[in-house]
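**Q** sequence first, predicted coordinates after that:
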Amino acid sequence: MLGAATAAPLLVDLLPLPKVPPIVSEIVAGILIGPVVLDLVDDTAPLAVFSSIGLVFLFFLAGLEIAFDARDDRHLALVGVAFLISLALALVVALLFDAVELVGAPLLVAIILAATSFGIVVAVLKDAGQTGTPFGQLVIAGASIADFATVILLSLFFSSSGASFETTLVLLLLFLGVVAVVGLVLAGARGSEQLKATVARLHRTSAQISVRIAFLLLVLLVYMSEEFGLEVVLGAFLAGAMVSLLDREHVVRDTGLTEKLEGIGFGVFIPIFFVASGVRLDLDALFSSFDTIVLVPLTVIALLVVRGVPALIYGRFVPRRQALSAGLLQATSLSFVVAATQIGVEIGELEPAAAAGLVTGGVISVLIFPALALRLLRPA
């Protein structure tokens, strides 16, 4: 499994193949070594454990990327309105999918369509040198709100505990209250100069205390979210967001902690999650009927409509080409699609064939939309 995760990006870069994000090559590698093609690996218990750790780490790093220090307050209101429009469009599209019997669970599908692959968006903006520009901050703010809101909605409406909406809402509020208390405790500890000096000193030793503290916070919030009957990805996402929120002096980035955490996540666990997702992708079911095949291009179009069209209102503050580019970047979605469809299959809300169609549509969005967005960002 790890061999496939290592070989996939290397082969894509070395061979004369179209350059794609590592996520795509890892999913393809999983399909090749899985039961559909070569049948070299099975979905065993150890694989499931490593895959779950990768899923948790993926959302932890997504939360860590959220920029709480954006300078322009109008971004928040603007992207908030755009996301509400996205959510309304997503629900309409999902209901249409359900009406023509392409895929059920319209609320879950709507949440999936309203998401954005934050990591891919940030990577594209970095490559284009746009992360520090007003346009880049606008897109990052939009992706942040989409990430946070869809994780909350997924945990609220599709908890694996099977609790009612009212019960889940109460548990969610209680959990957020506990998270706030943990945050206040950490904020108070952060004010101790002696503790800060000790952490800074041990960070440079074999203790790697900053990494251990980050892991402790991640494990604590994931454990608490599970105890509250919520999805563990919510605890993981909030753990990353809390680290980012408390890092007002940019110590996390300046000390190299971000690179270390990304090295652990993207170097080991997250690739295993995506390779395992490829192994589990039921392509036989995907090609078993015309409806599931049609779902793939319709998912791509739906992502473009749901996340791309609302970005046109950004044209009030950025040039039209940048607004179109923002729409394409927001329509790029894969990591959340993979994670949410996996949860949907596990709780019986989605059929494996429908999940495969949605994931394949997400893969195509990653292949097409960022490249088009970069082209629009170049001088005319």
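**A** It's in. Numbering: from 1, shown residues only.
**Q** what about this protein, any weak spots by pLDDT?
**A** When the per-residue scores of the chain are filtered using pLDDT under 70, the ranges that remain are 19, 43, 67-75, 123, 127, 132, 160-163, 248-251, 253-254, 379-380.
**Q** need the outlier residue of it, farthest from its centre.
**A** Distance from the C-alpha centroid of the chain, by Cα atoms, centre = their mean, peaks at Gln194 (36.3 Å).
**Q** which helix or which strand is home to it?
**A** helix 193-203 (DSSP states H and E).
**Q** ok so, going back, quick check: the residue farthest from the centre of the chain vs Ile213, distance?
**A** In this structure, Gln194 and Ile213 are separated by 16 Å, where distance is defined by Cβ to Cβ, to the nearest Å. Where C-beta positions appear, they are placed from N, C-alpha and C, glycine not excepted.
**Q** again with Ala311
**A** Using Cβ to Cβ, we find Ala311 at a distance of 37 Å from Ile213.
**Q** so these two - more neighbours on which side?
**A** Neighbours were tallied for Ala311 and for Ile213 using other Cβ atoms under 10 Å; the higher tally belongs to Ala311 (27 against 17).
**Q** and the more buried one, what does it touch?
**A** Shown in contact with Ala311 (Cβ atoms under 8 Å, 6 or more residues apart in numbering): Ala82, Gly142, Ala323, Leu324, Ala326, Gly327, Gln330.
**Q** do that again at 6 Å, thanks
**A** With contacts taken as Cβ atoms under 6 Å, 6 or more residues apart in numbering, Ala311 has the following neighbours: Ala323, Ala326, Gly327, Gln330.
**Q** again, but for Leu218
**A** Leu218 is in contact with Phe60, Ala239, counting by Cβ under 6 Å, 6+ apart.
**Q** and the gap between it and Arg307?
**A** With distances defined as Cβ to Cβ, the gap from Leu218 to Arg307 amounts to 28 Å.
**Q** and Leu47, by the same measure?
**A** 32 Å.
**Q** neighbour-wise, which of those two wins?
**A** More crowded of Leu47 and Arg307, by other Cβ under 10 Å: Arg307, with 32 against 18.
**Q** in which helix or strand does Leu76 reside?
**A** helix 74-99.
**Q** packing partners for that helix?
**A** Helix 74-99 sits against helix 106-113, helix 134-157, with contacts defined as 3 or more Cβ pairs under 6 Å, 6 or more residues apart in numbering; DSSP states H and E.
**Q** ok, which of the ones you listed comes nearest Phe287?
**A** Nearest to Phe287, of all the helices and strands packed on helix 74-99, is helix 106-113, at 20.4 Å by Cβ to Cβ.
**Q** quick one: contacts of that closest one?
**A** Outside helix 106-113, the residues that touch it by Cβ under 6 Å, 6+ apart are 90-91, 94-95, 98, 103, 150, 153-154, 157-158, 302, 306, 337, 340, 344, 349.
**Q** contacting residues around Gly30?
**A** Shown here is Gly30, whose contacts under the criterion Cβ under 6 Å, 6+ apart are Val275, Gly278, Val279.
**Q** how does it look with 8 Å?
**A** Gly30 makes contact with Ala4, Phe274, Val275, Ala276, Ser277, Gly278, Val279, Arg280, Leu281 under the criterion Cβ under 8 Å, 6+ apart.
**Q** and these, which of them are in helices?
**A** Using DSSP state H, the members of those that fall in helices are Ala4, Phe274, Val275, Ala276, Ser277, Gly278, Val279, Arg280.
**Q** any chance of those in a markdown table, plus distance to Val243?
**A** Conversion of those to a markdown table gives the following (distance: Cβ to Cβ, whole Å):
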| residue | distance to Val243 |
| --- | --- |
| Ala4 | 30 |
| Phe274 | 23 |
| Val275 | 27 |
| Ala276 | 26 |
| Ser277 | 26 |
| Gly278 | 30 |
| Val279 | 31 |
| Arg280 | 30 |
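**Q** done for today, thanks.
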